[in-house]
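Engineer: Please work out how this folds:
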Amino acid sequence: MTGPGATDTSANVPSRSGRAEPRRRGQVDAAPHPAALHSAAAAAGGGHAAAARRAGGAALAVAVLVAVPLFGNSYHLHMACLFGIIVISAMGLNLLTGYAGLISLGHAAFMGVGAYGVAWFSSRLGLPFYLCLPLAGLLAAGAGMVTGLPSLRIKGLYLAIATLAAQFILGFVFNEWESVTGGRGGTNVAPAQVGGLLLSTEREMYYPIAAVAVASLLAARNLFRTRVGRAFMAMRDRDSAAEVLGVDPRRYQLVAFGVSSFFAGIAGGFMAYFYKVVTPGQFSFQLSLFYLTAIVVGGMGTVQGVLLGAIFMTATPSALAAVAGVFGPLAAGLLAPLREVLFGLLIVLFLIFEPGGLAGIIGRTRKRIMLITAAKE
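Structural biologist: The predicted model follows:
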């Protein structure tokens with residue numbers, strides 16, 4: 001039996017000397033410190049605030065996607081479609097370079113494979129729009145995996161040179177294989193058609209491009225919660241350590257090239273349907289440099305960086321055209337060749353001074369604002 005003054009040995013409490021002493025019945029723990037309660041409440045409030053911000057951002061994005069075709073004119077829809085194509089293709093390159101750490105200077109060539117694939121499947125085989133696009137993506141993925149074979153033996157600068165060689169080899173094929181590609185004059189592409197609906201205008205093409213762009217961002221975001229995504233990042237950080245942990249770098253390097261080229265092929269297919277013509281000049285090395293600039297400026301290794309880079313690269317040509325319009329045709333003649341110089345300069349400056357890109361700048365600014373707000377409270 002136990003009385004009111006008996007001890008309960010089922011639980012002990014530490015004494016001042018550090019030894020455990022028996023807890024007496026009726027004894028209660030000390031109340032939590034007010035500072036600890038405040039920290040816990042602040043953490044809970046911060047989690048709710050972050051969730052609210054994400055929900056608000058998603059609602060704003062949906063509102064913008066819906067508003068563009070309703071209130072935008074032909075120019076706005078044209079730029080929105082180009083933005084969506086850039087997002088899809090840049091996301092593919094970001095998977096390869098930003099997440100897997102493999103450099104590619106031939107991304108535009110894989111877009112060309114997808115574009116010519118769409119032209120062939122639709123005109124020669126008569127396949128519908130919803131089959132041509134994934135088949136073109138798979139065709140580009142195969143070309144990307146073949147190009148990625150040198151990555152099993154080389155890396156870094158040598159791999160970049162190998163992908164640059166693929167850019168020029170595929171460009172030569174686009175120019176000379178006239179029976180398939182139409183040669184230097186290119187080939188026409190019939191408008192996309194879903195059932196009885198013809199997608200021939202910017203407004204009609206906007207919906208599938210926007211849907212696939214959103215799906216590509218969500219797919220990429222979820223990919224890095226899987227074993228494949230974690231393997232990509234392990235290879236990027238240290239491939240030798242990843243191999244010790246059971247990751248096969250050779251296998252996942254080819255997978256990275258295949259997935260990246262699949263995104264590029266889908267983007268190239270949309271470009272073919274959008275312009276209704278495919279020519280070799282559309283997929284030059286300058287376009288590969290364009291996409292590399294987009295992910296470096298936006299921020300490699302982040303989905304947010306793809307969006308920011310796409311916005312920046314979509315707005316830059318329009319800004320240069322506006323400047324040329326203000327200063328006349330002489331300025332236009334001077335600014336046209338400076339576009340590639342500007343892209344190269346941006347890559348160098350961001351890699352030196354801001355490797356995190358615009359996403360890194362925004363992230364640091366947000367943290368500073370949160371710290372200042374917390375200090376005031």
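Engineer: OK, contacts around the residue at minimal distance from the centre of the chain?
Structural biologist: Taking CA atoms, centre = their mean, the centroid of the chain lies closest to M91, which sits 2.9 Å from it. M91 makes contact with 216-217, 220, 263, 303, 306, according to CB atoms under 8 Å, 6 or more residues apart in numbering. For glycine as for every other residue, the C-beta is placed from the backbone atoms N, C-alpha and C.
Engineer: residue ranges of the strands in the stretch 201-350 of the chain, please?
Structural biologist: Secondary structure of the stretch 201-350 of the chain (DSSP state E, counting those that start in this stretch): strands located at 277-278.
Engineer: which regions of the stretch 201-350 of the chain lie under the pLDDT threshold?
Structural biologist: Applying pLDDT under 70 to the stretch 201-350 of the chain flags residues 239, 324-325, 328-337, 339.
Engineer: list the buried ones in stretch 150-163?
Structural biologist: Going by neighbour count (16 or more other CB atoms under 10 Å), the buried part of stretch 150-163 is 150-151, 155, 159-160, 162-163.
Engineer: May I ask you to confirm that F270 is in contact with I86?
Structural biologist: No. The pair F270 / I86 is not scored as a contact, 10.4 Å apart, by CB atoms under 8 Å.
Engineer: Out of the contacts of M91, which sit inside helices?
Structural biologist: Using DSSP state H, the members of those that fall in helices are 216-217, 220, 263, 303, 306.
Engineer: what's the closest of these to R184?
Structural biologist: Distance to R184 across the ones in helices among the contacts of M91 (CB to CB) is lowest for F263, with 27.2 Å.
Engineer: Show me the helices in this structure, by range?
Structural biologist: Counting by DSSP H, the helices of the chain are 34-71, 74-93, 107-123, 129-147, 157-176, 178-181, 202-223, 227-244, 249-275, 285-298, 303-327, 329-353, 357-376.
Engineer: still on that earlier bit, what is the nearest of the contacts of M91 to N175?
Structural biologist: Distances from N175 to the contacts of M91, taken as CB to CB, are shortest for F263 (24.5 Å).
Engineer: which residues touch the spatially closest residue to that closest one that is not a sequence neighbour?
Structural biologist: Nearest residue to F263 in three dimensions, chain neighbours excluded: G92, at 2.7 Å (CB to CB, 6 or more residues apart in numbering). Neighbour list for G92: 107, 216, 259-264, 267 [criterion: CB under 8 Å, 6+ apart].
Engineer: State the pair within those that is farthest apart.
Structural biologist: H107 and S216 (14.5 Å).
Engineer: quick one, which of the two is more surrounded?
Structural biologist: H107 (33 against 24; other CB atoms under 10 Å).
Engineer: Against V62, how distant is the more buried one?
Structural biologist: Computed with CB to CB, to the nearest Å, the distance linking H107 and V62 is 29 Å.
Engineer: Next: G299.
Structural biologist: 23 Å.
Engineer: ok, the two, which is more surrounded?
Structural biologist: Taking other CB under 10 Å, G299 and V62 do not tie; G299 has more neighbours (27 against 11).
Engineer: and that one, what is it in contact with?
Structural biologist: By CB under 8 Å, 6+ apart, G299 lies in contact with 98, 305, 308-309, 356-360.
Engineer: Quick check on it: phi, psi?
Structural biologist: The phi and psi values for G299, taken as degrees, to the nearest 10, are phi 130, psi 110.
Engineer: just to revisit the earlier point, which member of the contacts of G92 is positioned nearest G229?
Structural biologist: Nearest to G229 out of the contacts of G92 is V259 (CB to CB; 10.1 Å).
Engineer: out of everything not next to it in sequence, what's closest to that closest one?
Structural biologist: Per CB to CB, 6+ apart, closest to V259 is L95, 5.7 Å.
Engineer: Over to L82?
Structural biologist: T314 (6.2 Å).
Engineer: Pick out the most distant pair among the ones in helices among the contacts of M91.
Structural biologist: The span of those, defined through CB to CB, is set by F263 and V303 at 12.8 Å.
Engineer: higher neighbour count, those two?
Structural biologist: Per other CB under 10 Å, whichever of F263 and V303 has more neighbours is F263, with 31 against 20.
Engineer: Am I right that the more buried one is in contact with S216?
Structural biologist: Yes. Using CB under 8 Å, F263 is in contact with S216, at 6.1 Å.
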